[in-house]
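Participant: 3D, please:
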Amino acid sequence: MDIVIKELPEYEVAFVRRVGSYFEPQDHWEKLMHWSNENRIFPPHQSFIGISLDNPEFVEGDKCRHDACVTIPAGFEKEKHTSIQFKKLDGGQYAWYPFYDKPELLNLAYKYMFEQWLPNSEYEADYARYNLEFGLNNPWEDPDGKMKVDLFVPIKKRIS
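Facilitator: Below is the predicted model of the structure:
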């Protein structure tokens, strides 16, 4: 797998947080999609981003946090929207892994990045920033039930 280093900008996002196993239904996406459709915020002008905040190998499944996010346009009046949360995602240097497979296999992309690619690269993970999962399709609409995600892992040059 060829990993490409990319510079990403800072993003302002609206988000819905869910706590529970990553392998259970992700109903928070439905809430976010409904909100984004009501507010006409959706691709191709905006992006959907998933953020897995916990490693299920170290955190009990029922305590894993995931943020379903959508980027918001400049000048969006956040004060008028009390039913949703907002935050900024830091830009910077990221390693890009294009993933297209069954949703339950996304954890294998993470394993590859953290257990194989990073240790053998000139980079290390930048844990001050989030891993970003840019959703490029709806797996329920994919003929093979696969999800297409651009996985971005925040990195920094390894200090010897």
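
Participant: rest of the way, CA atoms for contacts and neighbours
Facilitator: Noted.

Participant: Could you point out which residue ranges in this protein have low pLDDT?
Facilitator: Scanning the chain for pLDDT under 70 picks out the ranges 1.

Participant: For the helix ranked longest in the chain, buried residues please.
Facilitator: Longest helix of the chain, by residue count under DSSP state H: helix 27-38. By neighbour count with 16 or more other Cα atoms under 10 Å, helix 27-38 contains the buried residues 28, 29, 32, 33, 35, 36.

Participant: now, which of the residues you listed sits nearest residue 85?
Facilitator: Nearest to residue 85 among the buried residues of helix 27-38 is residue 32, at 10.3 Å by Cα to Cα.

Participant: Surely residue 115 is in a strand?
Facilitator: No - assessed with DSSP: H, G, I helix; E, B strand; the rest coil, residue 115 is helix; it does not lie in a strand.

Participant: burial count for residue 127?
Facilitator: Here the number of neighbours of residue 127 (other Cα atoms under 10 Å) works out to 11.

Participant: and it, what does it touch?
Facilitator: Contacts of residue 127 were listed using Cα atoms under 8 Å, 6 or more residues apart in numbering, and they are residue 154.

Participant: Distance check, it against residue 63.
Facilitator: For residue 127, the distance to residue 63 equals 19 Å [Cα to Cα, to the nearest Å].
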